[in-house]
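Enquirer: Show me how the following folds:
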Amino acid sequence: MGKGMRAGKKPSMGGGMGGNMQKQLQQVQAMQKKMEETQSEIEKMETTTTAGGGAVTITVNGAKQVTNIQLKPEIVDPDDIEMLQDLIMVAVNEALRQMEEISEGEMSKITGGLNIPGLM
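Expert: Numbering: from 1, shown residues only. Okay, here's the model as predicted:
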């Protein structure tokens with residue numbers, strides 16, 4: 001028999017877990033509510049990026065939707081559509097990357113840096 005154990009007694013498994021589990025559940029529910037509020041705030045945010053020295057300007061919201069595209073007239077060359085397409089693609093991808101970074105930063109304030117699968 002192990003030291004400090006009495007015959008016929010089982011080791012204690014942390015009695016009183018019910019209160020601790022209830023507290024943890026409340027904390028998770030509070031975190032979930034805060035995450036939902038933060039996600040709603042993020043969706044209202046916007047970020048704007050440019051490409052081609054400001055010739056292409058793209059704005060993306062927190063829902064990762066393009067909300068504005070501005071092209072300077074001098075960038076529109078009917079003989080070089082590929083360059084315009086590339087500039088738009090670069091600007092959109094950068095705007096999406098920035099918004100993802102903003103979103104992750106805001107959520108990590110709540111989760112304390114925990115990587116929670118399926119969060120975003």
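Enquirer: Roughly how far does the closest residue to Gln98 other than its chain neighbours sit from Gln65?
Expert: When the adjacent residues along the chain are set aside, Gln98 lies closest to Thr47, with 4.5 Å between them (C-beta to C-beta, 6 or more residues apart in numbering). For glycine as for every other residue, the C-beta is placed from the backbone atoms N, C-alpha and C. Separation of Thr47 from Gln65 (C-beta to C-beta, to the nearest Å): 12 Å.
Enquirer: Tell me which of the two has more neighbours.
Expert: Thr47 (18 against 12; other C-beta atoms under 10 Å).
Enquirer: The more buried one in helix, strand or coil?
Expert: Under the three-state scheme (DSSP: H, G, I helix; E, B strand; the rest coil), Thr47 adopts strand.
Enquirer: Thought Ala63 was touching Ser103, still the case?
Expert: No - Ser103 lies out of contact with Ala63 (C-beta atoms under 8 Å); the separation is 9.9 Å.
Enquirer: Compare these two (neighbour count), which wins?
Expert: Neighbour count, other C-beta under 10 Å: between Ser103 and Ala63, Ser103 has more, with 20 against 13.
Enquirer: Figure out the helix or strand that the more buried one lives in.
Expert: Per DSSP states H and E, Ser103 falls inside helix 81-111.
Enquirer: Now do that helix, average pLDDT.
Expert: For helix 81-111, the mean per-residue pLDDT is 93.
Enquirer: in it, what's buried?
Expert: Using 16 or more other C-beta atoms under 10 Å as the burial criterion, the residues of helix 81-111 that qualify are 84, 87-88, 90-92, 94-96, 99, 103, 106-107, 110.
Enquirer: which other helices and strands contact that helix?
Expert: On a contact count with 3 or more C-beta pairs under 8 Å, 6 or more residues apart in numbering; DSSP states H and E, helix 81-111 meets helix 17-44, strand 46-51, strand 56-61, strand 66-71.
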